[in-house]
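>>> One predicted model, sequence on top.
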Amino acid sequence: MVGRLSDVSCCAASGWIAIALYPVLKKHNEGCRLCAVGSGWVESVFYIVGALFLLSVITVGQHMSMQATQDGPTFQAIGHYFSR
C-alpha cells in the first residue's frame with residue numbers, strides 16, 4: 001500500500017517537472033519543449049495506470065483468498081500471495 005502511495009507521488013512529481021521545464025525549454029527549441037512536456041504527462045498517466053492495476057490486483061487477491069471452491073487451496077494461495 002505504501003508503494004502505491006509513492007507511485008502517486010511520483011506521478012505528481014513527473015507532471016510538475018514537465019511543467020517546470022516548459023519555460024526553460026521554450027528559449028531553446030519548440031519541438032523539444034513540446035516533446036518534454038508531453039512525455040512527462042504520459043509518464044504520469046502510466047504511473048496512475050500502474051498504481052490502479054496493482055491496487056485492483058490486491059483487491060482481487062483478497063476476494064480470491066476468501067473463496068471456498070473446488071480449487072480452494074490453489075485460489076487461497078494465490079489470494080494470500082497478492083494480498084501481502
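Perfect, I can see it now.
>>> For residue 55, give its distance to residue 18.
To residue 18, residue 55 is 24 Å away according to C-beta to C-beta, to the nearest Å. Backbone N, C-alpha and C define where each C-beta goes, glycine included.
>>> So those two - more neighbours on which side?
Neighbours were counted for residue 55 and for residue 18 using other C-beta atoms under 10 Å; residue 18 has more, 19 against 13.
>>> isn't that one right next to residue 42, touching?
No: judged on C-beta atoms under 8 Å, residue 18 makes no contact with residue 42 at a distance of 9.3 Å.
>>> show me the biggest helix of this protein in terms of residues.
As assigned by DSSP state H, the longest helix anywhere in the chain is helix 30-66.
>>> helices or strands next to that helix in the packing?
Packing contacts for helix 30-66, counted by 3 or more C-beta pairs under 8 Å, 6 or more residues apart in numbering; DSSP states H and E, involve helix 2-26, helix 72-82.
>>> just the angle between it and helix 2-26, please?
Interaxial angle, helix 30-66 versus helix 2-26 (axes from the mean of the first three to the mean of the last three C-alpha atoms, to 10 degrees): 170 degrees.
>>> that older thread, out of the helices and strands packed on helix 30-66, point me to the one whose mean pLDDT is lowest.
Out of the helices and strands packed on helix 30-66, helix 72-82 stands lowest, with a mean of 65 (criterion: mean pLDDT).
>>> and residue 22, how many neighbours does it have?
Neighbour tally, residue 22, other C-beta under 10 Å: 14.
>>> any idea what sits nearest it, other than its immediate chain neighbours?
Take residue 22 and drop its neighbours on the chain: the residue closest to it by C-beta to C-beta, 6 or more residues apart in numbering is residue 37, 5.5 Å away.
>>> Would you mind confirming that the one you found makes contact with residue 23?
No: applying C-beta under 8 Å as the test, residue 37 and residue 23 come out as separate, 10.7 Å apart.
>>> Comparing the two, which residue is more hemmed in?
For the pair residue 37 and residue 23, the greater number of neighbours falls to residue 37 (19 against 9), based on other C-beta under 10 Å.
>>> The more buried one and residue 2, how far apart?
30 Å.
>>> Then residue 55?
Applying C-beta to C-beta, the value for residue 55 to residue 2 is 12 Å.
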